[in-house]
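S.K.: Below are the sequence and a predicted model for it; my questions follow.
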Protein chains: 2
Amino acid sequence: MPKVTDEYRASRREEIAAAAMRAFHRKGFQATSMADIIAESGLSAGAIYGHFKSKNEIILEVSTKIIGARLGEVEELAAREPMPAPAQLVRVLMGGMLHDIGRPAMLVQVWGESMTDPLVHDLANRVMSRLRSVYTDYIVLWHERQNGLSPAAARALADEQVVLFLASAQGFIIQSALFDDFDSDAFLSSIEKYLPR
Amino acid sequence: MPKVTDEYRASRREEIAAAAMRAFHRKGFQATSMADIIAESGLSAGAIYGHFKSKNEIILEVSTKIIGARLGEVEELAAREPMPAPAQLVRVLMGGMLHDIGRPAMLVQVWGESMTDPLVHDLANRVMSRLRSVYTDYIVLWHERQNGLSPAAARALADEQVVLFLASAQGFIIQSALFDDFDSDAFLSSIEKYLPR
DNA sequence: GTCTATACCAGGATAGAC
DNA sequence: GTCTATCCTGGTATAGAC
């Protein structure tokens, strides 16, 4: 008996999350009000709050989906032969974000919110830590395969370098958000030219 | 007759801005409410709104002061002999922000806010553009002096590289905000090790 | 110019009927 | 489970007396 109900609940959550994602796509996380999500979903406030405890819980659900997609992409690239250089991952990550949430710049809102909201901070921290971990593994693999380093040496180098690659992705996002004349291609080719190989 | 009054007004504005800076130092720009600024200044709402049109105008005033200090520092370094490598500027910039506003991470709030508030966007855009311009000039000088490049070649290189240095500063800020275990020294030495010279 | 008191708004969340 | 209507909070800005 709980079976049908559980499935129903799950699909309802899914439906709401999808509507929220569309709304976020348009206006960003913070600027999207519950009213927007309600309108987009075609449901009512009561219905939504029956499935999600708060707006933050919706953001959490959607974010988890999005970051999951990114991590999958990175793993897919690690399996490719030859594997793209670590600097190339920035391009892939940004492309994926672009596809999922319109403008990667919208992440800046989440980061900003994480300054004051402990729950959002926790989410952002976990997401970024996970990305760092996956990215580090990728760099390790790269140095082993491409530069013939020992696992230990590769790991040490990767730990040191990963912050730079993360900073590049973060810089891309900030600059695309702030500079009206941001040149995405120029940025990416500069990254690929100057970051370690 | 307007003379005394103008001076009075200016010093009042100054006083309010200083109080606001102290409040911002504690809680960040967004999380600081007008009530906080009012309490910190020891004045009243009416008094403050007699000198500033809005909270955003206060933020603008304070931000302008802070960025002005940073730009001054960069120019000071450009005059030094021998001049520090461009990557070192990241350290200086972050140190200065730390001194002025406590945690550089607070800037993330401004960037986040700039996504939805056109006025803040405009401010952030101008500030970051100005920083980019000063930073570019610094790199040009560096390449001319240190690497013996022609002005034209130095300029071309600087335009290409400046986004990386900016990204490093931005990455520093984001990562210090998001990672509970952020290692400031490790980050800075990685920057100085791998970014172009 | 400055104060107190308050209007006013946005937005998240809930109550209670169905 | 879902709807409508509404409450409530936090926060900016203003009105009007002094």
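M.R.: Looks like it came in fine. Residues are numbered from 1 along each chain as shown, chains lettered A, B, ... in the order given.
S.K.: sec struct for the residue positioned nearest the centre of chain A, please.
M.R.: Against the mean C-alpha coordinate of chain A, by CA atoms, centre = their mean, the closest residue is residue A:67 at 3.9 Å. Recorded secondary structure, residue A:67: helix (DSSP: H, G, I helix; E, B strand; the rest coil).
S.K.: ok, it - contacts?
M.R.: Going by CB atoms under 8 Å, 6 or more residues apart in numbering or on different chains, residue A:67 touches A:127, A:130, A:131. All C-beta atoms are positioned from the backbone trio N, CA, C, and that covers glycine.
S.K.: now those residues: which count as buried?
M.R.: When neighbours are counted using 16 or more other CB atoms under 10 Å in any protein chain shown, the contacts of residue A:67 contain these buried positions: A:127, A:131.
S.K.: Would you format the contacts of residue A:67 as TSV with secondary structure included?
M.R.: Listed next are those as TSV, based on three-state DSSP:
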residue	secondary structure
A:127	helix
A:130	helix
A:131	helix
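S.K.: Could you give me the buried positions within the helix or strand where residue A:72 lies?
M.R.: Under the criterion of DSSP states H and E, residue A:72 resides in helix A:55-78. By neighbour count, with 16+ other CB under 10 Å as the criterion, the buried positions of helix A:55-78 are A:55, A:58-63, A:66-67, A:70-71, A:73-74, A:78.
S.K.: how close does residue A:190 sit to residue A:91?
M.R.: Relative to residue A:91, residue A:190 is positioned 12 Å away (criterion: CB to CB, to the nearest Å).
S.K.: what's the answer for residue A:150, then?
M.R.: Separation of residue A:150 from residue A:91 (CB to CB) stands at 29 Å.
S.K.: shaky segments in chain A?
M.R.: A:1-4 (pLDDT under 70).
S.K.: ok, the closest residue to DNA strand D within chain A - contacts?
M.R.: Relative to DNA strand D, the nearest point of chain A is residue A:46 (2.0 Å; CB to the nearest atom of the strand). Contacts here follow CB under 8 Å, 6+ apart; on that basis residue A:46 touches nothing.
S.K.: Which stretches in chain A count as helices?
M.R.: With helices called from DSSP state H, chain A shows them at A:2-27, A:34-41, A:45-49, A:55-78, A:86-101, A:107-113, A:118-147, A:151-178, A:184-194.
S.K.: any idea which of those helices is most buried?
M.R.: Ranked by average neighbour count under the criterion mean count of other CB atoms under 10 Å in any protein chain shown, these are headed by helix A:107-113 at a mean of 25.
S.K.: DNA strand C contacts on chain A?
M.R.: Within chain A, the residues that sit near DNA strand C (CB under 7 Å from any atom of the strand) are A:31, A:32, A:33, A:34, A:35, A:45, A:46, A:49, A:53, A:54, A:55, A:56.
S.K.: how about these, which pair is most distant?
M.R.: When CB to CB is used, the two most widely separated members of those are A:31 and A:46, lying 23.4 Å apart.
S.K.: before we move on, back to that, show me which of the contacts of residue A:67 is closest to residue A:194.
M.R.: residue A:131 (21.3 Å).
S.K.: residue contacts, that closest one?
M.R.: Residue A:131 makes contact with A:67, A:70, A:71, A:166 under the criterion CB under 8 Å, 6+ apart.
S.K.: at 10 Å instead, please
M.R.: Taking CB atoms under 10 Å, 6 or more residues apart in numbering or on different chains as the contact definition, residue A:131 lies against A:67, A:70, A:71, A:74, A:89, A:93, A:162, A:165, A:166, A:169.
S.K.: Show me what from chain A comes close to DNA strand D.
M.R.: Chain A comes close to DNA strand D at residues A:5, A:8, A:9, A:12, A:43, A:44, A:45, A:46, A:47, A:50, A:51, as judged by CB under 7 Å from any atom of the strand.
S.K.: I'd like to know how far the last one sits from residue A:37.
M.R.: Between residue A:51 and residue A:37 the distance, using CB to CB, works out to 11 Å.
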